[in-house]
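Q: Sequence and predicted structure are below.
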Amino acid sequence: MHGFQLRDIQLLTYLNKLTVQIQIQHQGGDGLTLNDCAAFSAPMGEAIEASGVLTEAYTLEISSPGISDLLQTDQDFKTFRGFPVSVIFCGADSVEQVATGLLLERSDNHLRLNMRGLVRHIPRDKVLSVSLTKLTG
């Protein structure tokens, strides 16, 4: 579709149903409406189906970038130390896994999380994304 710019695309394989998340914005930077997302969804879904890349059922989510909860810079990790985060990482056998806990630190080699009193070290080169979240339970 013309007039839109792709901001991010993620394939979430760890969810029960495969999810394709696509973030778009207007090329001019104007606000994105729900109707814009709906109008983008149908042709994008058709393009994905026509490509034959995904062979299993999936959910397509179209949204605007909004305010990012994704932690990326060193400053982000310092600012949100002690906050609840969700970490997507590549575990054993290259299977995506999710860990949720309080962010303790990100060093050159590891990301450390407090998961209900247990400290978990995740090798930094295995981390796919870290985002702010709400702890449950």
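A: Yep, that arrived. All figures in this text were calculated on a predicted structure; none of them were measured in a lab.

Q: neighbouring contacts of the helix ranked longest in the chain?
A: Longest helix in the chain, counting residues (DSSP state H): helix 34-51. The contact list for helix 34-51, computed with C-beta atoms under 8 Å, 6 or more residues apart in numbering, reads M1, F4, V20, I22, I24, H26, L54, Y58, L60, I62, S63, S64. Every residue, glycine included, has its C-beta placed from N, CA and C.

Q: Mind listing what's buried along stretch 31-38?
A: By neighbour count with 16 or more other C-beta atoms under 10 Å, stretch 31-38 contains the buried residues L32, D36, C37.

Q: any idea which of the residues you listed is least confident?
A: Among those, L32 has the lowest pLDDT, at 80.

Q: quick one: least confident helix or strand in this protein?
A: Using mean pLDDT, DSSP states H and E, strand 4-12 stands out as the lowest-scoring helix or strand of the chain, at a mean of 85.

Q: Now that strand: buried residues?
A: When burial is assessed from 16+ other C-beta under 10 Å, strand 4-12 yields the following buried residues: F4, L12.

Q: elements contacting the following helix or strand past it?
A: Counting by DSSP states H and E, the next helix or strand C-terminal to strand 4-12 is strand 18-26. Contacts defined by 3 or more C-beta pairs under 8 Å, 6 or more residues apart in numbering; DSSP states H and E place strand 18-26 against strand 4-12, helix 34-51, strand 58-63.

Q: give me that answer again for 6 Å
A: Helices and strands touching strand 18-26, by 3 or more C-beta pairs under 6 Å, 6 or more residues apart in numbering; DSSP states H and E, are strand 4-12, strand 58-63.

Q: could you check the angle strand 4-12 makes with that strand?
A: Counting by axes from the mean of the first three to the mean of the last three C-alpha atoms, to 10 degrees, strand 18-26 lies at 160 degrees to strand 4-12.

Q: if we can go back for a sec, need the CA coordinates for the longest helix of the chain. CSV is fine.
A: Provided in CSV are the C-alpha atoms of helix 34-51 (Å, rounded to 0.1, in the frame of the first residue of the first chain):
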residue,chain,number,x,y,z
LEU,A,34,-7.7,2.1,13.3
ASN,A,35,-9.1,2.3,9.7
ASP,A,36,-5.5,2.7,8.4
CYS,A,37,-4.5,-0.5,10.1
ALA,A,38,-7.6,-2.3,8.9
ALA,A,39,-7.0,-1.1,5.3
PHE,A,40,-3.4,-2.3,5.5
SER,A,41,-4.3,-5.7,7.0
ALA,A,42,-6.2,-7.2,4.0
PRO,A,43,-3.5,-6.6,1.3
MET,A,44,-0.7,-7.6,3.7
GLY,A,45,-2.5,-10.9,4.6
GLU,A,46,-3.1,-11.6,0.9
ALA,A,47,0.6,-10.9,0.2
ILE,A,48,1.7,-13.3,3.0
GLU,A,49,-0.7,-16.0,1.8
ALA,A,50,0.5,-15.6,-1.8
SER,A,51,4.2,-15.9,-0.8
